[in-house]
Structures are given as structure tokens and as C-alpha cells.
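Chemist: Quick one, fold the following:
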Amino acid sequence: MKKYWSLILAAGILMAQPVPSSAINLDFLPKLFKADKPQDAPEEEKTNKKYRIYLNTGGSVETKNYIIEGNQVRIFLGQGTITFNKSEVIKIEEIQNSEETKSVYTAPAGLRPLGEKTVPGQIADRPRPTDNRPPEEKDLNGNTRQYWQSRLAEDKKKLTEAKERYDKASGDWNRYNSILDSLTVSNSQNPSVSPYSLTQYQDLRGAARVAMDKATAEIDSINRDINENLPEEARRAGAPPGWIR
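Modeler: Just a heads-up that it's a prediction; the model follows:
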């Protein structure tokens, strides 16, 4: 506003006092009307230079113009302007030629990712994500909990199958035994029952008894493996007791 009042005053003086045109110096008018440079415009000294801006995401942006305003970095590109928080920028380098760079800005140590290299022209190494899980525990033979759990599960499966065989054999024995009891009574009252029928059912009942005894032996053996042999084997291998429960 002050500039405009100065203009009006100057014009009034010229109009009030006639002065030869050759004596009038109007050089001040362009300076008076010269617009202020926008605050967010790129700095003129950067227009003929090229910069590489490294981001903490691992990428980089090349530009001819940028400005740093408070906690923000504004980057001017041909397609428009992008803005990053200052904490997202690792460093800014001027690209002097294809081989050399000049460091212009480097983020404070607290804002740089761990493992950053300070060699000019190289982006910082990003730390690789690490697995925070503790290493899997193993026994003296290199076996894990899963190994012993699978051994135990296999024995329990065998035990279930042996019990099913015993139950079937026991059912057969009871059925054939009932038939033989009825045939014995019938034979005493009715001699028409053949000895062959009695022998046949006696053999079937005997086979059922053999199957029952075999299943019983298997059940006993598997129980010993589960309750005695497997725990002892695991103990000698240095496996924790909880791995076979």
C-alpha cells in the first residue's frame, strides 16, 4: 500500500509542476510496480541445478527445484508439487555430473534409519525386518517338540486301533458262545443237531478268543511305550517332560 501512495504522490508532483519531458526520469516506475516474489516459489539459484532427494522409505526423487519450509520439504516437478514431512527425508544431494554428488542436506541422526551409510551418492541401507521369535528348542539329538509329539500321537493312534480290534473280537466271542450254549441245550433235547455245527461254532469262538488275546497283548505293549519307553527315551535325549504329554 505504501508503494501505491508513493506512486500517487509522484504523479501529483509531475502534474502540478510542468517539467520538460527530457527531464523526467521514470526509471523508478518498474521498480515500484515490481511484484514481490511468491513466498513458496522455487529459489532462482536452484533452477539450473539438479537434486536427488532420498526418502526413508528407500526411494528417491530427482528435481530441479525444492524448498524447505519449517517441517516440510516441497518438491517441484514437471507435473506439479509434492510435499513430504522433513522426518521422511534422509538427505538431499546436488547432482553435479553423472559421477559426483554434493551433499546439501542430511537429516539429524535421530531421524535417519539405523544402518545408514554416509557415503555421498548412496542411499542408506534400510534395516531388514527381523524375526523376534526365539529359536526353536531342540534335544541333544536335534529333535524338536514336534518330533516327540508326533511319536506320542502315533502310539495313541495304535492304541485306539488295538482297542477296537479287542472290542470286535470280544463281541464275536460272546456271540459264538451264546450260539454254542443254545446248540448244546438243543442237542440234549433234539439229537438232530449235528456235531459238525457244534465244532464249527467252537472253532469260531476259539478264533475270537485268539484275536482277543492278541489285541490285549498289543494294548499292553503300546501302553508300556506311552508310559515308560517313550518318556525314558525322551529323558535320555534331553527333551523336556512336557514334550511327550
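
Chemist: pLDDT weak spots in this protein?
Modeler: Within the chain, the stretches with pLDDT under 70 are 1-48, 79, 97-131, 185-193.

Chemist: all helices of it, in order?
Modeler: 2-16, 28-33, 145-189, 195-224, 230-236 (DSSP state H).

Chemist: Please name whichever of those helices is nearest to residue 95.
Modeler: Of all those, it is helix 28-33 that lies closest to residue 95, at 36.1 Å by Cβ to Cβ. C-beta here means a position set from N, CA and C on the backbone, and glycine is covered the same way.

Chemist: Residue 172 versus residue 203, what's the distance?
Modeler: 12 Å (Cβ to Cβ, to the nearest Å).

Chemist: again, but for residue 95
Modeler: Separation of residue 95 from residue 172 (Cβ to Cβ): 91 Å.

Chemist: re the thing from before, switch the helices of the chain over to JSON lines; also include mean neighbour count and distance to residue 244.
Modeler: JSON lines is the format used below for those (neighbours: other Cβ atoms under 10 Å; distance: least, Cβ to Cβ, whole Å):
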{"stretch": "helix 2-16", "mean neighbour count": "10", "distance to residue 244": "93"}
{"stretch": "helix 28-33", "mean neighbour count": "10", "distance to residue 244": "93"}
{"stretch": "helix 145-189", "mean neighbour count": "15", "distance to residue 244": "5"}
{"stretch": "helix 195-224", "mean neighbour count": "15", "distance to residue 244": "14"}
{"stretch": "helix 230-236", "mean neighbour count": "15", "distance to residue 244": "5"}
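
Chemist: Adding distance to residue 49 as columns, could you present those in a markdown table?
Modeler: Shown next, in a markdown table, are the helices of the chain (distance: least, Cβ to Cβ, whole Å):
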| stretch | distance to residue 49 |
| --- | --- |
| helix 2-16 | 33 |
| helix 28-33 | 28 |
| helix 145-189 | 61 |
| helix 195-224 | 82 |
| helix 230-236 | 71 |
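
Chemist: Share the number of residues neighbouring residue 62, please.
Modeler: Neighbour count of residue 62, defined by other Cβ atoms under 10 Å: 12.

Chemist: mind listing what it touches?
Modeler: The neighbours of residue 62, taking Cβ atoms under 8 Å, 6 or more residues apart in numbering as the test, are 50, 51, 52, 53, 95.

Chemist: got it, and residue 202?
Modeler: The contact partners of residue 202, taken as Cβ under 8 Å, 6+ apart, are 176, 180.

Chemist: how close does it get to residue 132?
Modeler: For residue 202, the distance to residue 132 - Cβ to Cβ - is 70 Å.

Chemist: can you list the domains in the protein?
Modeler: Annotated domains of the chain cover 1-33, 46-126, 145-244 [automatic domain parsing].
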